[in-house]
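# next one to model:
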Amino acid sequence: MCTHIPKCPTADSPDAEAAHVVAAHPEQGWSLLCNAVVLFEDTGELLPDGRIVDPHRPLATV
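Next up is the predicted model:
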């Protein structure tokens, strides 16, 4: 449960990635957010209920 003021967005929120990082492992390419979302370096996500969010980085323009 989030103890930050203001509260972090929930895992189901469109802005879920804005939650505070509670455990960072850049050497492994992931971070655990306060809302229990695992955020990967490639912008993919693992949600607390086991669902995945595909990477969503912007496409490079030529």
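# hey, where'd the strands end up in the protein?
21-25, 30-33, 38-40, 45-46, 52-53 (DSSP state E).
# where does the protein have its least confident helix or strand?
strand 52-53 (a mean of 94; mean pLDDT, DSSP states H and E).
# could you say what helices and strands it packs with?
strand 45-46 (3 or more C-beta pairs under 8 Å, 6 or more residues apart in numbering; DSSP states H and E). Quick note: C-beta positions are derived from backbone N, CA and C, even for glycine.
# give me the sheet partners of the strand it packs on and which way each runs.
Based on DSSP bridges, the strands next to strand 45-46 in the sheet, each with its direction, are strand 38-40 (antiparallel), strand 52-53 (antiparallel).
# and the ones you listed, which is most packed in?
strand 38-40 (a mean of 17; mean count of other C-beta atoms under 10 Å).
# contacting residues around it?
Defining contact as C-beta atoms under 8 Å, 6 or more residues apart in numbering, one finds that strand 38-40 is touched by 17, 29-33, 45-46, 55.
# can you rerun that using 7 Å?
With contacts defined as C-beta atoms under 7 Å, 6 or more residues apart in numbering, strand 38-40 is touched by 17, 29-33, 45-46.
# try stretch 19-30
4, 8-9, 31-35, 37-41.
# one more pass at 6 Å, please.
4, 8-9, 31-35, 38, 40-41 (C-beta atoms under 6 Å, 6 or more residues apart in numbering).
# what number of residues lie near the closest residue in space to Asp12 that isn't next to it in sequence?
The shortest distance from Asp12 to any non-neighbouring residue, by C-beta to C-beta, 6 or more residues apart in numbering, is to Leu47 (7.9 Å). Counted with other C-beta atoms under 10 Å, the neighbours of Leu47 add up to 15.
# check Ser13 too.
Neighbours of Ser13 under the rule other C-beta under 10 Å: 13.
# from Gln28, how far out is it?
25 Å (C-beta to C-beta, to the nearest Å).
# again with Gly44
Separation of Gly44 from Gln28 (C-beta to C-beta) stands at 14 Å.
# give me the more crowded residue out of those two.
Using other C-beta under 10 Å as the criterion, Gly44 and Gln28 rank with Gly44 on top: 16 against 9.
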